[in-house]
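Trainee: Here you go, sequence then predicted model.
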Amino acid sequence: MTTAIAFRQVSRHYGTVRAVDAVDLEIAEGEFFAMLGPSGSGKTTCLRLIAGFERPTAGEVEIFDKPSGAVPPYRRPVNTVFQDYALFPHLNVRDNVAYGLMIAGVARAERHRAAEEALSMVALPGYAARKPAALSGGQRQRVALARALVNKPKVLLLDEPLGALDLKLREQMQVELKSLQRQLGITFVFVTHDQSEALSMADRVAVFNEGQIQQIGCPQDIYDRPNTPFVADFVGSSNVLPPEMVERLTGKRASASLRPEALRLQADGYAAQVIEKAFLGAVTRLTLDIDGQKLAMLLPKGEEVPEKAATVHIGWDEDALHLMEQRDA
Amino acid sequence: MHSDRASLGLKIAAAAGLLFMHLPILLIFVYAFTTEDKSYQWPPPGYTLKWFSVTWERPDVWEALSLSLRVAAISTVVALVLGTLCAAAVSRTRFFGREAISLLVILPIALPGIITGISLRSAFNLADIPFSFWTIVLGHATFCVVVVYNNAVARFRRTSGSLVEASMDLGANMFQTFRHVILPNIATALLAGGMLAFALSFDEVIVTTFTAGQQQTLPIWMLEELVRPRQRPVTNVVAMVVVLVTFLPILGAYYLTRGTEMVAGQGK
Amino acid sequence: MPEVAVSSPASRGLSDRLSDLLWSRQGLLILLLILPPALWLGIIYLGALFALLAQSFFSIDPFSGLINYEFTLRTYGELFRAANLDIIVRTVLMAGCVTIAAMIVGFPVAYYAARYARGKWKALFYLGVMLPLWSSYLVKVYSWKLILAKEGILSWLFETLHLSWLLDAYLLLPVVGGNSLSVSWTGTFLVFLYVWLPFMILPTQAALERVPPSMLEASGDLGARPGQTFRHVLLPLALPGIVAGSIFTFSLTLGDYIIPQIVGTSARMIGQAVYQFQGTAGNIPLAAAFAVVPILIMGVYLYIAKRMGAFNAL
């Protein structure tokens, strides 16, 4: 398997701010890779390091095994879909999409044909003559995608491409992006702060926090076996149990993650008090107090919902309690 | 505010303010047609088109007009180049001395014109530079830079930085990016700035009195007539023509930057 | 699968190579951009300005009339002679009056344009301020020479309304009066106000536009009468704009020498003094020292304005 992108101890510092701090990372060719993290965690900077808009303070970003050092953005085999789409306002949709080909010196008729083709690939035929200002947010997003893909990049970088879309459209685009990626076989590097987006689309996910990668793995792993309390909490908002409590439960002293949906009512379980309850539609979320420790629990529809302040008994499967390395304690 | 209707008092005050700014200029138009040639008598005793033909045949007016137009054209070109370079540098990056550069650009119009004028004149004296067409241009270009700069900086600020990145990402080098993305996006702002710079230079008198020597631009010609009137009706006609000539670039600049902010106080 | 990761076409043009150089050395790019304007303004403008300031520390030999190139503060001392002090005080007073009047006359226009004018009217108001701002300075001054002349439209107006006695009585007043309006301080003041008024209106309007209507509604909602809303919400928020405008009206009045020369009394203002000292009198050092006065006054003024946040409204 070929390595498309590799970070070797890459850092990007702005003065004393460590936006990216000694990151090691390998992305395989053809992979759908997500960089997940809260804003300011360094994920977007990593994307810009790949695109060439930023240069590392230390370390090396390799693109297909070649150091990218001083290679300017216009000579990298990668293309970007920008968060604000960055469509050229003075060009119509066709010329926007054909821009890269125009620069590369492709003849007018040929690049127009390629632009039309790319537009129909993103389900936007017939819009070629419009100006970007006359498009909806979703349509602009598709144009931005077509504009990047028409150049047949080896790696496509997507910077929160769905962030500005409403929920319905976002879910639809998630499906389309995923199938597009499979169809084209291009490496996708996808930056998002939305954990469900990352989990549903990516082959592998890197979780960022404070300029460092907390964990890299397939979505299932990240969700079920978070390495650190940060990952546990950020991905699917888990209950993070403190070492003292885990020691009492298991005898081992370490933090542990316990997913709210893994908790169930169980007559012979631990006693806990209901502090708060919130009806969420498919489930009801209870906030419980167990020996002074707050726990969130999701109760599926159909189960009887206890009253507030009531005492309930809860339990969980042994392997649901996942011990974590103590990293950012 | 409780109602969305302006009170009568406010309406009257606003209308009065506007009239105060416009009536005097309109008066010039009437005087250009008066038959009276010895005083500023109102109402004019009669109306005539005679003074237009008289003015038309005055070589001194033509020479002054020609000099003014040439100076304005060259100064505008210099200001366009310098102002755009400066705006590009200041808006795209934060570098040491950024504020100082902004201040330096604004200084020539922030300080009273007489100071700019007298500084330039004494500098020309010290350096033994004789007055010429180029000494006028030197002064004019210096204070015209700010108009172009203001327009260009405002546009640069609104032009998303990611457009430049997108262009480079799509394979365009810096020069191609400038040619295909930056220039089309700032073109109207530059045109507007250029027009205003032209109007500013065409009209300038204070600095010019110090840098022109014996040469007469149109404003210098008018100033002479104001201080020592020789043929008042000709002055009236020239004044009217100057108003009309300066209105065109101002209106043009307005339509080019409509819907975008025009920086307040980008004036002289 | 991919043969070359980082494509490097064999025949790269000069522009490509230059672009690479500028890309890898961004500092060089900035330097190249900033160098021409910095050199132009730095050498031509600042150089000239410093040359002038330097001359203010020289003095003129009273007997030969030649410049004595030795450092002295004597020239500055001359500024404090009664006649010269008069000129300074007179100019500052005039600039102050013009600025205050411009605030009063300009505010309603700016307020109406910012709050009530919509669509076409908005454009009309905008052009209504921009056109006078940009139209020829000399023509504007000239138009007032026509208006204020003894035989001009203003006298005619008073006559037609049978109010000539009022104008005559006003002209008899000390200080503000005179032989006719065109040779009185009132005349000078009116022309200054007329010529600089747009410079007050634009920044004021810009500041007022930035006051969200919901803020005024909130004030009304909290029980403030319109007058109180104006006093406690609108005015403080508009103040930076007004101060920004006053920088222009004040500075422009301080340095002008043409308006008082064409409309006004024989008493001089700073601009005229500078002009005469450097021209007919040939006393460049004193002219330079006089030129420093408006710079100093504006320095103080700008410092205060900056503390009031006026620069955000520019």
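Mentor: Nice, thanks for sending it over.
Trainee: For chain A, name the helix or strand with the lowest mean pLDDT.
Mentor: The helix or strand of chain A with the poorest confidence is helix A:243-250; it has a mean of 84 (mean pLDDT, DSSP states H and E).
Trainee: Could you tell me the average pLDDT over the longest strand seen in chain A, please?
Mentor: When chain A is parsed with DSSP state E, its longest strand is strand A:264-279. The pLDDT scores in strand A:264-279 average 88.
Trainee: Neighbouring strands of it in the sheet, and parallel or not?
Mentor: Note on strand A:264-279: by DSSP bridges, its sheet partners are strand A:283-290 (antiparallel), strand A:311-315 (antiparallel).
Trainee: Pull the distance from the longest one to the chain's centre.
Mentor: Translated: strand A:283-290. Its chain's C-alpha centre and that of strand A:283-290 lie 28 Å apart, by C-alpha atoms, centre = their mean, to the nearest Å.
Trainee: Look up how far B:Arg157 lies from A:Ile5.
Mentor: Per C-beta to C-beta, to the nearest Å, A:Ile5 is found 33 Å from B:Arg157. Heads up, the C-betas are built off the backbone N, CA and C, glycines and all.
Trainee: Give me the nearest residue to the residue in the stretch 101-250 of chain B positioned nearest to chain C, chain neighbours excluded.
Mentor: Ranked by C-beta to the nearest C-beta, the top residue of the stretch 101-250 of chain B for proximity to chain C is B:Pro112, at 1.8 Å. In this structure, B:Pro112 finds its nearest non-sequential neighbour in C:Gly255, 1.8 Å apart by C-beta to C-beta, 6 or more residues apart in numbering or on different chains.
Trainee: Run a quick check on that neighbour versus B:Ile118, I expect a contact.
Mentor: No. Contact criterion C-beta atoms under 8 Å: C:Gly255 and B:Ile118 do not qualify, at 10.2 Å.
Trainee: neighbour count winner among these two?
Mentor: Neighbours were tallied for C:Gly255 and for B:Ile118 using other C-beta atoms under 10 Å in any protein chain shown; the higher tally belongs to B:Ile118 (29 against 26).
Trainee: quick one: the more buried one and C:Ala287 touch, right?
Mentor: Yes. In this structure, B:Ile118 is within contact of C:Ala287 by C-beta under 8 Å, at 6.3 Å.
Trainee: list residues touching both of these two?
Mentor: Common neighbours of B:Ile118 and C:Ala287 (criterion: C-beta atoms under 8 Å, 6 or more residues apart in numbering or on different chains): C:274-275, C:278.
Trainee: So among these, where is pLDDT lowest?
Mentor: Out of the shared contacts of B:Ile118 and C:Ala287, that is C:Gln278, at 81.
Trainee: Which pLDDT value goes with residue 167?
Mentor: Since you didn't name a chain, this refers to chain A. A:Leu167 is assigned a pLDDT of 85 by the prediction.
Trainee: I was thinking of chain C, sorry if that wasn't clear
Mentor: C:Leu167 is assigned 85 on the pLDDT scale.
Trainee: so it sits right up against C:Phe158, yeah?
Mentor: Yes. Using C-beta under 8 Å, C:Leu167 is in contact with C:Phe158, at 4.5 Å.
Trainee: Flag every buried residue along stretch C:103-118.
Mentor: C:103, C:105-117 (16 or more other C-beta atoms under 10 Å in any protein chain shown).
Trainee: And the residues you listed, which is closest to chain A?
Mentor: Nearest member of the buried residues of stretch C:103-118 to chain A, counting by C-beta to the nearest C-beta, is C:Ala117, at 25.7 Å.
Trainee: max-length helix in chain B?
Mentor: When chain B is scanned for its longest helix (criterion: DSSP state H), the result is helix B:59-92.
Trainee: Just checking the distance from that one to the centre of its chain.
Mentor: 9 Å.
Trainee: Any idea how far apart the tips of stretch C:152-166 sit?
Mentor: 16 Å (C-alpha to C-alpha, to the nearest Å).
Trainee: in it, what counts as buried?
Mentor: Residues of stretch C:152-166 classed as buried by neighbour count (16+ other C-beta under 10 Å): C:152-155, C:158.
Trainee: Can you list the residue ranges for helices in chain B?
Mentor: Per DSSP H, chain B carries helices over the ranges B:8-31, B:50-56, B:59-92, B:98-110, B:113-126, B:133-158, B:161-169, B:174-177, B:183-203, B:206-211, B:218-227, B:232-256.
Trainee: among those helices, which gets the worst mean confidence?
Mentor: Mean pLDDT is lowest for helix B:98-110 out of the helices of chain B, coming in at a mean of 79.
Trainee: what's it packed up against?
Mentor: helix B:59-92, helix B:133-158, helix C:26-39 (3 or more C-beta pairs under 8 Å, 6 or more residues apart in numbering or on different chains; DSSP states H and E).
Trainee: repeat that for 7 Å
Mentor: If you count contacts as 3 or more C-beta pairs under 7 Å, 6 or more residues apart in numbering or on different chains; DSSP states H and E, helix B:98-110 packs onto helix B:59-92, helix B:133-158.
Trainee: how big is the angle separating the first one from helix C:26-39?
Mentor: Calculated by axes from the mean of the first three to the mean of the last three C-alpha atoms, to 10 degrees, helix B:59-92 forms an angle of 150 degrees with helix C:26-39.
Trainee: what about helix B:59-92, near chain A?
Mentor: No. If you take C-beta under 7 Å from any C-beta of the partner chain as the test, helix B:59-92 misses chain A, and the best it gets is 12.7 Å.
Trainee: circling back to that earlier point, need the overlap of contacts for C:Gly255 and B:Ile118.
Mentor: Shared contacts of C:Gly255 and B:Ile118 (C-beta atoms under 7 Å, 6 or more residues apart in numbering or on different chains): none.
Trainee: Please report the number of neighbouring residues for the residue lying closest to C:Leu171 once chain neighbours are set aside.
Mentor: Take C:Leu171 and drop its neighbours on the chain: the residue closest to it by C-beta to C-beta, 6+ apart is C:Gly177, 4.4 Å away. Residues near C:Gly177, counting by other C-beta under 10 Å, number 17.
Trainee: if we can go back for a sec, out of the helices and strands packed on helix B:98-110, deepest packed?
Mentor: helix B:133-158 (a mean of 24; mean count of other C-beta atoms under 10 Å in any protein chain shown).
Trainee: Could you list every helix and strand in contact with it?
Mentor: Using 3+ C-beta pairs under 7 Å, 6+ apart, helix B:133-158 is in contact with helix B:59-92, helix B:98-110, helix B:113-126, helix B:183-203, helix B:206-211.
Trainee: of all of chain C, which residue lies closest to chain B?
Mentor: C:Gly255 (1.8 Å).
Trainee: Among the strands paired with strand A:264-279, which comes closest to A:Glu276?
Mentor: Each of the strands paired with strand A:264-279 has some distance to A:Glu276 by C-beta to C-beta; the shortest is strand A:283-290, at 4.0 Å.
Trainee: Now do the buried residues in the closest one.
Mentor: Neighbour-count burial for strand A:283-290 flags A:283-284, A:286-288, A:290 (criterion: 16+ other C-beta under 10 Å).
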